[in-house]
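Chemist: show me how the following folds:
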Amino acid sequence: MANESQAQSESHPQVFGVPWPDLNDGIYYTDVVPASVSAELTLIEFYSSKYKNSAPLQGWLRRIQNGQIRVGGRVLKDPDTIISSGSELVYHRVPWKEPDAPYMLQVLYEDDDMVALNKPSGLQVLPGGLFQQRTVLTQLQLWGSKQSSSLTSQESHPVPVHRLGRGTSGILLCAKTKQAKTHLAEYFADGTSLIGNSSKLELGSRKILKIYRALVTGILAEDKVIINQPIGVMRYPGVAKGLYVALPSGKPALSKVEVLERDVLANQTLVQVEIQSGRPHQIRIHLSFIGHPLFGDPLYIAGGQPRSFDSELVDESFAQDGGYQRPINPVPGDCGYYLHAHQLVLPHPVTNEMIKITAPLPPVLKTKDEAKGETCN
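Modeler: Model prediction:
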């Protein structure tokens, strides 16, 4: 039987977080010019070709002329400078004000090997794009440094072993030790790999059970739905590596949906979703694929496709730091939808004891009976 854990006292949950500074620290990107480059390669050619997804040509010209690039330790402002193989190039992305994001995190479970957090919607897990400092990882580093005296035999700080979308709230598992990190990562990879081997998987055939709550648009007719639509990548403006969508040629994915409550007047359905695999944005894509996108989702519409899919549309204008402006079209990190990682059941990565972790539900994702029960208490 699982050791059910909201491990911290629900009446006095442990929370931590440090307010964000107005500006981040900027970033330094280092490159070494490979031996295979042309003998006539210029500074602007190197950056505008290798990092064309970061900024347009005129943007890179501005960055060079602003003195943001050093070659061999010297600032070079001439974009036509010839660079030689083996040269070290350092680009300094100047500090900027990141978009607003919450910073407080609740501890749901903690022991010497792992910690489970309740991530708020709007907070990115790992650095990327406009969010380089306002992330869960930064708060974990700050929190871990304060506990360094008790973490001498562990990692320098806990690290997330999986991701949640920026707009998704709920359980985020983090490892404190290398052993825990390895085993937890295997748990998450295990279910995804099994999908490709069999379409008839039983609950006991995998090591981790992941249950989400979601509010979707429209009224689901069936009480239970199994979705096994593959998920792949398409070209999409503003997303350098492509956008994940429902795609017949994509990788296998499996979601089990159960209706909890229907609201005919609001044209919404509250559902529970158990995911076997862990493809990026899987629940958002699968529910939209069956014609019921998440309520408030700015990106995915019926069919598991984006609202805008003109892959040739690129805004060549650039922001103050020379990079591209924020994409005109919706992107995966945009919030507004209601999706919550509600429960995880898994064997402890070291002791193998079964653990059940539950993240409290946001009010909008509670059934009427659940909301009434809290009121009565």
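
Chemist: would you list the phi and psi of the residue nearest to the spatial centre of the chain?
Modeler: In the chain, the C-alpha nearest the mean C-alpha coordinate belongs to residue 165, at 3.8 Å (CA atoms, centre = their mean). The phi and psi values for residue 165, taken as degrees, to the nearest 10, are phi -60, psi 150.

Chemist: now residue 209, nearest residue through space, not along the chain?
Modeler: residue 345 (4.0 Å; CB to CB, 6 or more residues apart in numbering). (C-beta placed from N, C-alpha, C; glycine too.)

Chemist: just for the protein, where's the confidence low?
Modeler: 1-12, 148-156, 191-206, 309-327, 375-377 (pLDDT under 70).

Chemist: max-length helix in it?
Modeler: As assigned by DSSP state H, the longest helix anywhere in the chain is helix 178-195.

Chemist: how far out from the middle of the chain is that helix?
Modeler: Put simply, helix 178-195 sits 17 Å off its chain's centre (CA atoms, centre = their mean, to the nearest Å).

Chemist: contacts for that helix?
Modeler: Contacting residues not belonging to helix 178-195 are listed as 113-114, 155, 159, 161-162, 173, 175, 201, 205-208, 210, 252-254, 275-279, 346-347, 349-350 [CB atoms under 8 Å, 6 or more residues apart in numbering].

Chemist: from those, which land in helices?
Modeler: Those of the contacts of helix 178-195 lying in helices (DSSP H): none at all.

Chemist: are any of these buried, and which?
Modeler: Buried subset of those (neighbour count, 16 or more other CB atoms under 10 Å): 113-114, 155, 159, 161-162, 173, 175, 206-208, 210, 252-254, 275-279, 346, 349.

Chemist: show me where the stretch 251-377 of the chain has its helices.
Modeler: 282-289, 368-376 (DSSP state H, counting those that start in this stretch).

Chemist: the longest one: how far from the chain's middle?
Modeler: What separates the centre of helix 368-376 from the centre of its chain is 31 Å, taken as CA atoms, centre = their mean.

Chemist: residue contacts, residue 279?
Modeler: Contact analysis of residue 279 by CB under 8 Å, 6+ apart lists 192, 231, 244, 251, 253, 285.

Chemist: most surrounded residue in these?
Modeler: Among the contacts of residue 279, residue 285 has the most neighbours (other CB atoms under 10 Å), with 29 neighbours.

Chemist: once you drop chain neighbours, what's closest to that residue?
Modeler: Distances taken as CB to CB, 6+ apart place residue 304 nearest to residue 285, at 4.5 Å, with adjacent residues excluded.

Chemist: gap between the one you found and residue 22?
Modeler: The gap separating residue 304 from residue 22 is 39 Å, by CB to CB, to the nearest Å.

Chemist: the residue nearest to residue 209 reaches residue 208, doesn't it?
Modeler: Yes: the pair residue 345 / residue 208 is scored as a contact, 7.1 Å apart, by CB atoms under 8 Å.

Chemist: follow-up on the earlier one: from what I can see the residue nearest to the centre of the chain touches residue 283, true?
Modeler: No: under the criterion of CB under 8 Å, residue 165 makes no contact with residue 283, lying 9.0 Å away.

Chemist: name the residues contacting each of these two.
Modeler: Shared contacts of residue 165 and residue 283 (CB under 8 Å, 6+ apart): residue 339.
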